[in-house]
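Colleague: Below: sequence and its predicted model.
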Amino acid sequence: QLQLVESGGGLVHSGGSLRLSCVASGLGLNYYAIGWFRQVPGKEREGISCISKTGNAMHYASSAEDRFTISRDIAKNTVYLEVSRLKPEDAGVYYCAADPAGLGCGLRQFEYDNWGPGTQVSVSS
């Protein structure tokens, strides 16, 4: 049984940076594509970035611009999402999720069936 736990959220000043971590336990990351999603109150969960189970394919939402970077450390069974030049609109609860199917990855919620509890990111202006 795969379990995901996010960490690294907190309060950050606008213009700053942070690194979110998604630690997987139970099975290795090479069995799953991992996606990062953000949710703000009153809105649907938005796909930000994903990385395939092979690690060869990565995708970003257009809203991610060039400020988000996804990476993974197989040895630590961890996927990271680094965010730079933070803006107030980056705030929200960030979730990572796992998709066991396919060789690629996507940014749609229904593609993922295992979710972490989320980590809150707040950005002060």
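Modeller: Now that the structure is in, tell me what you want to look at. Computed from a predicted structure; not experimentally measured. Residues are numbered from 1 along each chain as shown.

Colleague: The residue positioned nearest the centre of the chain bridge partners, please.
Modeller: Centroid-nearest residue in the chain: residue 36, 2.3 Å away (criterion: CA atoms, centre = their mean). Counting by DSSP bridges, residue 36 forms beta bridges with residue 49, residue 96.

Colleague: who's in contact with it?
Modeller: Residues near residue 36 by CB atoms under 8 Å, 6 or more residues apart in numbering: 20, 22, 47-50, 68, 70, 79, 81, 94-96. For every residue, glycine as well, the C-beta is placed using N, CA and C.

Colleague: let's see 6 Å
Modeller: 48-49, 81, 96 (CB atoms under 6 Å, 6 or more residues apart in numbering).

Colleague: Can you tell me which of these are classed as buried?
Modeller: Buried members of those, scored by 16 or more other CB atoms under 10 Å, are 48-49, 81, 96.

Colleague: quick check, nearest of the residues you listed to residue 108?
Modeller: Residue 108 lies nearest to residue 48 out of these, by CB to CB, at 12.0 Å.

Colleague: Was I right to think the closest one contacts residue 61?
Modeller: Yes: judged on CB atoms under 6 Å, residue 48 makes contact with residue 61 at a distance of 5.4 Å.

Colleague: All set now, cheers.
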